[in-house]
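Colleague: Test case, fold it:
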Amino acid sequence: MSNFPRLILGLSAAGLILAGCSSFPAMTDKDNTAAAASEALQLTDTSWMMKLPKNSQCDVPPMIEFGEKQASGDMGCNRFTASYSVDGTKIQFDQVAATLRMCGPEYMKLEDQMQNLLNAARSAKQTKTALTFFDEDGKEILTLVPEEAGACE
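Modeller: Residues are numbered from 1 along each chain as shown. I've put the predicted structure just below:
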C-alpha cells in the first residue's frame, strides 16, 4: 500500500506533462482563419494606378477601378473592361475587352504592362499603400498604388 500513493502521484504528473504537450487545433484553426481573412483581397470600390516618374510623357497614368466583379480602367493608351473573380488572395480576370487605338512607344510600353497584368495575374497582395499582382509561379508582375488626382508623379 505504501507504493500506491507514489503510483497515483506519478500517473498524475505524467498526465499533466502529456496534457501540457498537447496542441489546441481549434485555436490554431481560428487563428489561421483570422489571418487568412485579413489577407483576403477587398477590391470592390477601390481604384489603383501605376506610379510613374515625373518626367513621364503620359497624360493619365494607367489605372484600374474595381466594382463588384467588374474592373475597368485605362491601360496607358486604351480603355478596358473585364470581369474578375477573387478567392482569398487569388484573382482571375476574364472577358477582357479594350479599345484598339495606337499610341506612341512610351504609351504602348505601359499598355503592355497592364495587358500582362490582366492576362497573367493569379494572385495579389493588398495593403493600404499598394496592390501587387503575381503570376501563377508567384513572380511579381506589377505593383499599383491607390489612385490619386494629379496623375504622373
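
Colleague: looking at the protein, which helix or strand does the model trust least?
Modeller: Here the helix or strand of the chain ranked lowest by mean pLDDT, DSSP states H and E is helix 25-39, holding a mean of 46.

Colleague: who does the helix or strand hosting Glu111 touch, helix- and strand-wise?
Modeller: In the assignment (DSSP states H and E), Glu111 maps to helix 105-120. If contacts are counted by 3 or more CB pairs under 8 Å, 6 or more residues apart in numbering; DSSP states H and E, helix 105-120 sits against strand 79-87, strand 90-98, strand 140-146. (Each C-beta comes from the backbone N, C-alpha and C, glycine too.)

Colleague: Let's have these in TSV, adding mean pLDDT and mean neighbour count.
Modeller: Listed next are the helices and strands packed on helix 105-120 as TSV, based on pLDDT from 0 to 100; neighbours: other CB atoms under 10 Å:
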stretch	mean pLDDT	mean neighbour count
strand 79-87	97	15
strand 90-98	97	14
strand 140-146	96	16
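
Colleague: can you tell which of those strands is closest to Ala124?
Modeller: strand 90-98 (5.1 Å; CB to CB).

Colleague: Figure out how far the closest one is from the centre of its chain.
Modeller: Distance of strand 90-98 from the chain centroid (CA atoms, centre = their mean, to the nearest Å) equals 15 Å.

Colleague: what does stretch 96-107 give?
Modeller: On CA atoms, centre = their mean, the centre of stretch 96-107 falls 26 Å from the chain's centre.

Colleague: Buried ones in that stretch, by neighbour count?
Modeller: For stretch 96-107, burial by neighbour count (16 or more other CB atoms under 10 Å) applies to 98, 107.

Colleague: Please list the residues outside the helix or strand following the least confident helix or strand of the chain that contact it.
Modeller: Using DSSP H and E, the helix or strand that follows helix 25-39 in sequence is strand 46-49. Strand 46-49 has contacts (CB atoms under 8 Å, 6 or more residues apart in numbering) with 61-66, 73, 131, 144-148.

Colleague: All good on my end, thank you.
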